[in-house]
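In: Dropping the sequence and predicted coords here.
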Amino acid sequence: MINLELNKKATKFAVASALPFVLLGSFMWLMAALSDNPVARVELYGCADPMYHYVGLPLTHIIYIFKAEGALETSDNWWALPMVDGLLIAQWIIWAQLAVVVGRVVKRIRN
């Protein structure tokens, strides 16, 4: 039987690796919300949104379930930003644990 318990080192590594993306994305989202310049707002959202989508795929797409139109607005930041940050970190933890399980399977096959 393969050990399926969480690997604490992999979890710590995943959280530490995801935090720079969370901090940068959150900073850009908040700066876009506070910006009076419409061009700067579009640029900041345009940089933060793809980062969340590609780095946190597929879990970060869950936020679109809560928004019927599919596009988030600045008024959604109070709930969408903490949710997407948490989902991004959770996705990285899942990837790290998957890598550990694959390593355990390969190790078991070789023995």
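Out: Thanks, I have it. Everything quoted here is computed from the prediction, not taken from an experiment.
In: From what I see, residue 91 and residue 58 are in contact.
Out: Yes - the pair residue 91 / residue 58 is scored as a contact, 7.5 Å apart, by Cβ atoms under 8 Å. Every C-beta, even on glycine, is put in place using the N, C-alpha and C of the backbone.
In: what about the two, which has more around it?
Out: residue 91 (19 against 10; other Cβ atoms under 10 Å).
In: Skip the chain neighbours and tell me the closest residue to that one.
Out: residue 59 (4.1 Å; Cβ to Cβ, 6 or more residues apart in numbering).
In: Residue 52 now?
Out: Leaving aside its chain neighbours, residue 52 sits nearest to residue 60 (5.0 Å; criterion: Cβ to Cβ, 6+ apart).
In: so residue 62 touches residue 90, yeah?
Out: No - the pair formed by residue 62 and residue 90 falls short of the contact definition of Cβ under 8 Å, at 9.9 Å.
In: And those two? Which one has more around it.
Out: Between residue 62 and residue 90, counted using other Cβ under 10 Å, residue 90 has the larger neighbour count: 17 against 14.
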